[in-house]
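Q: structure of the sequence below:
(2 chains)
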2 protein chains.
Amino acid sequence: MMFDNVTIVGVGLISGSFALALKEKGFAKNIIGVSRTQASIDKAKELGIIDEALPMEEAVKKSDFIYVAIPVDVTVPVVTQIMNLINDKQIVADAGSTKYALCKSLEDHPKRKRFVATHPMWGTEYSGPEAAVRDAFKGRSCVICEKEKSDRDAVDTIENIYKNLGMRIVYMNAENHDIHAAYVSHISHITSFALANTVLEKEKEGDAIFELAGGGFESTVRLAKSNPSMWAPIFMQNRENVLDVLNEHISQLRKFKASLEKENLDYLTELMVNANKIKKIIE
Amino acid sequence: MMFDNVTIVGVGLISGSFALALKEKGFAKNIIGVSRTQASIDKAKELGIIDEALPMEEAVKKSDFIYVAIPVDVTVPVVTQIMNLINDKQIVADAGSTKYALCKSLEDHPKRKRFVATHPMWGTEYSGPEAAVRDAFKGRSCVICEKEKSDRDAVDTIENIYKNLGMRIVYMNAENHDIHAAYVSHISHITSFALANTVLEKEKEGDAIFELAGGGFESTVRLAKSNPSMWAPIFMQNRENVLDVLNEHISQLRKFKASLEKENLDYLTELMVNANKIKKIIE
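A: Numbers count the residues shown, from 1 in each chain, chains lettered A, B, ... in the order given. You can find the predicted model right below:
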């Protein structure tokens, strides 16, 4: 299956990598970019990510498939606006890191069945069209939420694309998605941002960090380079789940603190032995 | 310069990688392994890391250079024992992640000048001789503490080896080393251990972690696979500095918590924008 026209709304890391893959795998003849930022449009054209740029309404009218990958706070109104423009053949999908608020806001939309709620669990700490890469998504999971609320042909099409990109499809309801995303993605970003702030606060001699930081530091603090305008809306939209897991994390750190304050080597060791169980999961 | 005999005390990740490099770069003809664990000795021989194994005293007597890389709690008594055995030509160095306690314990030793306190800032989350790799250390910093308390020839020899391994030499007093190591290494390990415990606690459906965990999660939680018998003594020996930075980290996490509880998007964004400054340091 090859679409004549696909629109990507937002021309950044996710949509850009997605567009490159659509072209490479032969899913799209013409990619239309929609963005409020002229510099991103220019860059995306220069990088061969999009073939042309159009205003939203024009782009949607012309497209078989519209893929939305923008900050999650604007995803809700923008997807609604798109759904108001489409016919019964067009397909809309988003790539947002939160799913509950969006699915909730669309549940009574007359075109709901043409929408597929997706979350490809891939990303890097970089953003913008220049961050787009070929061979993204491969080997990772893609969550599809509320599959039963979408038309079969729309789901099949989207799944086929993601599978061709090398992703595993996982089905989940939107509420569970947001809970799991808080555990396995959002908390990692918060700890990384907070770790960067910790070290920047304590380590006034910037040179010492630069000189000494080894691979361990870099890997735990890498996500702290992530774009706040993308992540702040994710944390806010998923704040109850994020707060829940953040409270647990603070209490886990307090256990380390207590073991050190009491010089309790057995307790400290026990905490680490327990943490080692993560090997079974991520090895 | 080529040593006839070098002893490595401990045959694990660091000493094993160091021994492989010594051989490859032509610094050692014969590598002697000392370990209390017969399985490690056998594995190290099988992997070509050591040429022979001897009891400590015999090994030390026979060696031009003795390199100690064992958990930091046993480093203090073991290095002292070695220093009691050596003559005025032999060189002893350690690779421990903490330096203050060791340097303090050796300050009045009659052979202090034959000892060089080093910390090559390289490692992985794996341990044991099978974790040893070729081309380790390259591009990283190696801290040398209290250079002025060691004989010039001993320091020159050790520096020459580390430089040949591709390391940058950084001089520091032992107290400052331990402060900086808490900031750029030890806290990363604690947050990673605690993050693993958080997710293991909250995410009872282990499958969901496995299915969903993306690269971000893996990179922040990778260090949680580290060996407790190596890290517990580091945290205990450097507990005051670790507690200091851990307290700061908990307070940074509380700021994220407060911004979410108050739904204060500006404050949340400000925290992340500040964290982004780490880009300047680790890019």
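Q: next structured bit after the helix or strand hosting A:L102?
A: Using DSSP states H and E, A:L102 maps to helix A:100-106. Per DSSP H and E, the first helix or strand lying C-terminal to helix A:100-106 is strand A:115-120.
Q: ok, back up a step: pull out the buried positions in the helix holding A:L102.
A: Under the neighbour-count criterion of 16 or more other C-beta atoms under 10 Å in any protein chain shown, helix A:100-106 has A:100-103, A:106 buried. Glycine gets a C-beta too; all of them are placed from N, C-alpha and C.
Q: what residues does the stretch 1-150 of chain A put near chain B?
A: Neighbours of chain B within the stretch 1-150 of chain A, by C-beta under 8 Å from any C-beta of the partner chain: A:121-125, A:140-141, A:143.
Q: among those, which two are most distant?
A: Of all pairs drawn from these, the greatest distance, 20.7 Å, lies between A:E125 and A:V143 (C-beta to C-beta).
Q: those two: which is more packed in?
A: It is A:V143, of A:E125 and A:V143, that has more neighbours when counted by other C-beta atoms under 10 Å in any protein chain shown, with 24 against 20.
Q: how about that one, nearest residue that isn't a chain neighbour?
A: The shortest distance from A:V143 to any residue other than its chain neighbours is 4.4 Å, reached at A:H119 (C-beta to C-beta, 6 or more residues apart in numbering or on different chains).
Q: next: A:M236.
A: B:L265 (6.0 Å).
Q: check contacts around that neighbour.
A: Going by C-beta atoms under 8 Å, 6 or more residues apart in numbering or on different chains, B:L265 touches A:232, A:236, B:259.
Q: dump the residues you listed to a markdown table, plus pLDDT, distance to B:K25 and neighbour count.
A: Putting these into a markdown table (pLDDT from 0 to 100; distance: C-beta to C-beta, whole Å; neighbours: other C-beta atoms under 10 Å in any protein chain shown) gives the following:
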| residue | pLDDT | distance to B:K25 | neighbour count |
| --- | --- | --- | --- |
| A:A232 | 97 | 49 | 23 |
| A:M236 | 97 | 54 | 20 |
| B:S259 | 98 | 51 | 22 |
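Q: of these, closest to A:N197?
A: Closest to A:N197, out of all of the contacts of B:L265 and judged by C-beta to C-beta, is B:S259, at 12.0 Å.
Q: mind checking the SS state of that closest one?
A: Of the three states, B:S259 takes helix according to DSSP: H, G, I helix; E, B strand; the rest coil.
Q: from B:V273, how far off is it?
A: Going from B:S259 to B:V273 by C-beta to C-beta, to the nearest Å gives 12 Å.
Q: what is the neighbour count of A:M1?
A: If you count neighbours by other C-beta under 10 Å, A:M1 ends up with 10.
Q: rewinding a little: kindly reformat the contacts of B:L265 as CSV containing distance to A:K111.
A: Rendered in CSV, the data for the contacts of B:L265 read as follows (distance: C-beta to C-beta, whole Å):
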residue, distance to A:K111
A:A232, 29
A:M236, 27
B:S259, 36
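Q: contacts only, for the closest residue to chain B within the stretch 1-150 of chain A.
A: The minimum distance from the stretch 1-150 of chain A to chain B, using C-beta to the nearest C-beta, falls at A:M121 (4.4 Å). A:M121 makes contact with A:140-143, A:185, B:212-214 under the criterion C-beta under 8 Å, 6+ apart.
Q: number of residues surrounding the residue lying closest to it once chain neighbours are set aside?
A: Among residues not flanking A:M121 along the chain, B:G214 sits closest, at 4.4 Å (C-beta to C-beta, 6+ apart). Summarising burial for B:G214: neighbours were counted as other C-beta under 10 Å, giving 18.
Q: does A:Y126 touch A:K225 like I think?
A: Yes - with contacts counted by C-beta atoms under 8 Å, A:Y126 reaches A:K225, the gap being 7.4 Å.
Q: now A:I49, what's its secondary structure?
A: Per three-state DSSP, A:I49 ends up coil.
Q: I'd say it and A:A21 touch.
A: No - if you go by C-beta under 8 Å, A:I49 and A:A21 don't touch, sitting 10.5 Å apart.
Q: nearest residue to the residue positioned nearest the centre of chain A in space, please, no chain neighbours.
A: Centroid-nearest residue in chain A: A:S97, 4.3 Å away (criterion: C-alpha atoms, centre = their mean). Among residues not flanking A:S97 along the chain, A:I234 sits closest, at 4.8 Å (C-beta to C-beta, 6+ apart).
Q: near that neighbour, how many other residues are there?
A: Residues near A:I234, counting by other C-beta under 10 Å: 23.
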